[in-house]
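Student: Starting from these lines, generate the structure:
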Amino acid sequence: MDEMRKCPFCMAEIPTEAKVCKACNATVVKRCPLCAEEIVATAKKCRYCGGMIGAPEPVKARRSDLPCGDRREIVLTLVLIFVTCGIYGLVVMYRIGDELNRHQGKNQINAGMDLLLTFLTCGLWAIYMMVKYPQALQEIIKAEGDTPSDLVLPCLILTIFGLHLVAVLILQNELNKHWDAHLPSRA
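Tutor: A predicted model of the protein is given here:
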């Protein structure tokens with residue numbers, strides 16, 4: 001039986017002589033820049049020459065690999081919300097929550113439950129949603145190495161003062177920018 005070790009990136013079991021992890025496709029070995037011996041890719045100190053090695057670059061997801069949401073035109077969204085007496089606004093909020101979940105690969109947001117709680121609390125839950133959704137977007141942007149805009153405070157204040165519609169449109173506008181940055185064909 002082959003000896004096994006753990007991938008330093010995803011912790012999957014891999015054969016000791018493997019140079020690439022089959023689970024995450026990361027290169028698990030590199031050459032020491034000082035003595036040219038083969039060492040673990042995450043090593044900070046060479047086990048052969050004892051030299052210090054710079055920290056490895058964090059592995060970022062490629063933008064084109066992440067599932068993106070729908071781009072919604074702001075003016076059209078505003079018109080549809082007015083024409084449907086606000087119902088389309090609920091649809092947009094549900095879709096935003098669902099798209100954020102898919103994009104980050106987590107189930108951090110339960111958009112259906114958020115809408116139900118918004119109804120049950122006569123709209124008060126929307127205040128919480130306008131904190132949670134912009135925070136989720138900021139976390140995604142930070143995780144991808146970009147600098148996010150601070151949307152939480154403006155969305156919260158607008159929602160508290162009865163301008164939830166404006167907050168939703170601001171959030172959708174930021175999402176549109178994020179989707180545009182992800183797909184080269186959209187940029």
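
Student: could you say which helix or strand contains the most centrally placed residue in the chain?
Tutor: Nearest to the mean C-alpha position of the chain, by Cα atoms, centre = their mean, lies Ile140 at 2.9 Å. Assigned by DSSP states H and E, Ile140 belongs to helix 125-143.

Student: buried ones in the next helix or strand after that helix?
Tutor: Remark: after helix 125-143, the chain's next helix or strand is helix 152-160, criterion DSSP H and E. Buried residues in helix 152-160, defined by neighbour count with 16 or more other Cβ atoms under 10 Å: 152, 154-156, 158-159. C-betas here are computed from N, CA, C, even on glycine.

Student: centre of the chain versus the helix or strand that helix 152-160 is followed by, how much separation?
Tutor: Downstream of helix 152-160, the next assigned helix or strand under DSSP H and E is helix 164-182. The chain centre lies 14 Å from the centre of helix 164-182; the measure is Cα atoms, centre = their mean, to the nearest Å.

Student: same deal with stretch 128-137?
Tutor: Centroid separation for stretch 128-137 versus its chain: 13 Å, with Cα atoms, centre = their mean.

Student: then it to PDB, C-alphas only?
Tutor: Output of stretch 128-137 as PDB, limited to C-alpha atoms (Å, rounded to 0.1, in the frame of the first residue of the first chain):
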ATOM      1  CA  TYR A 128     -32.100  42.900   9.400                       C
ATOM      2  CA  MET A 129     -32.000  41.700   5.800                       C
ATOM      3  CA  MET A 130     -30.400  45.100   4.800                       C
ATOM      4  CA  VAL A 131     -27.600  44.400   7.200                       C
ATOM      5  CA  LYS A 132     -27.100  40.700   6.400                       C
ATOM      6  CA  TYR A 133     -27.200  40.800   2.600                       C
ATOM      7  CA  PRO A 134     -24.700  43.700   2.100                       C
ATOM      8  CA  GLN A 135     -22.400  42.100   4.700                       C
ATOM      9  CA  ALA A 136     -22.500  38.800   2.700                       C
ATOM     10  CA  LEU A 137     -21.600  40.700  -0.500                       C
END
